[in-house]
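> would you be able to build a 3D model of this:
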Amino acid sequence: MKVRQDAWTEEDDLLLAETVLRHVREGSTQLNAFEEVGDKLNRTSAACGFRWNAVVRYTYDQALQMAKKHRKERMRAASGEQAKKRLLYNPPVPAFTAPIDEDIESFEETVPAMQRYSGGQLTMSDVIEFLQTVGGSGAKAEALQKENERLKREAAELTRQNQELAHKINQMEQQSTTIQEDYETILKIMNRARQIALIEDEERSATSFRMDRNGNLEKIAE
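Numbering: from 1, shown residues only. As a prediction, the model looks like this:
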């Protein structure tokens, strides 16, 4: 299954333009050209068609008109089988194609997008091109569903971890509050002990003595 997410380069656009102009000039179809470019760039033919109609075509509009004129003159000069369109590229036949009815919703949602890319005019070639590539959308949908389930599991795990961290932070805040209260209590006790010690020192320094006639010291009453 072709899955490309990278951007188109100038070389890719040039290959697309040269292939389309060659197919148109030699009597093939643009759809056949999109298939050839898609196989070379590992992109779907629908992606190549959208790129051509949305971007590249405007740069090569004059060359496209000349290629159509050359094809018209060539077919006018020819007759019979030579005047019919002939495909220049035979794409490989896929080994499996998903049932179309599984992708009806996808088709209905894609039609407006195809109309925007094609300038509002949806042709039968656009419809055929989509139906040829719609087979891979079922596998894409399954892959997207699996990825969605994986992301949901990761989100649930992150939510659980976040709740655990919030609980731990709450416990730490409570412990911090308790430690702060104990610290303030200890400071009060130390300040009280310091005040008591200062009072005792003042009392000792205020006591005076005197010597009696016999040479003994006696405390003088305050």
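> neighbours of residue 27, how many?
Other residues lying near residue 27 total 19 when counted by other C-beta atoms under 10 Å. Using the backbone N, CA and C atoms, a C-beta is placed for each residue, glycine as well.
> correct me, but it touches residue 72?
No - using C-beta atoms under 8 Å, residue 27 is not in contact with residue 72, being 9.8 Å away.
> the nearest residue to residue 86 once chain neighbours are set aside is in what secondary structure piece?
In this structure, residue 86 finds its nearest non-sequential neighbour in residue 27, 5.5 Å apart by C-beta to C-beta, 6 or more residues apart in numbering. If you go by DSSP states H and E, residue 27 is not part of any helix or strand.
> what's residue 27 sitting at in phi/psi?
Here is the backbone geometry of residue 27 (degrees, to the nearest 10): phi 90, psi 10.
> wait, is residue 192 part of a helix?
Yes - counting by DSSP: H, G, I helix; E, B strand; the rest coil, one finds residue 192 located in a helix.
> from residue 201, how far off is it?
Distance of residue 192 to residue 201, computed by C-beta to C-beta, to the nearest Å: 15 Å.
> same check, this time on residue 163
57 Å.
> what does residue 62 give?
109 Å.
> again with residue 56
For residue 56 relative to residue 201 (C-beta to C-beta), the value is 99 Å.
> neighbour count: the two, which is higher?
Neighbour count, other C-beta under 10 Å: between residue 56 and residue 201, residue 56 has more, with 20 against 10.
> is it correct that the more buried one is in contact with residue 19?
No - in this structure, residue 56 is not within contact of residue 19 by C-beta under 8 Å, at 10.6 Å.
> all strands in this structure, in order from the N-terminus.
208-211, 217-220 (DSSP state E).
> now residue 42: phi and psi?
Taking degrees, to the nearest 10 as the convention, residue 42 sits at phi 60, psi 40.
> count the neighbours of it for me.
10.
> now swap in the one 4 residues further on and tell me
Residues near residue 46, counting by other C-beta under 10 Å, number 22.
> output the lowest mean pLDDT helix or strand found in the protein.
helix 104-117 (a mean of 44; mean pLDDT, DSSP states H and E).
> tell me how far residue 86 lies from residue 71.
11 Å.
> more neighbours, the two?
residue 71 (17 against 12).
> dump the residue contacts of the more buried one.
Residues counted as contacts of residue 71 (C-beta atoms under 8 Å, 6 or more residues apart in numbering) are 24, 25, 26, 27.
> from those, pick the one nearest residue 173.
Residue 173 lies nearest to residue 24 out of the contacts of residue 71, by C-beta to C-beta, at 73.9 Å.
> so who does that closest one touch?
Taking C-beta under 8 Å, 6+ apart, one finds 30, 33, 64, 67, 68, 71 in contact with residue 24.
> need the nearest residue in space to it, chain neighbours excluded.
Nearest one to residue 24, counting by C-beta to C-beta, 6+ apart, is residue 67 at 4.2 Å.
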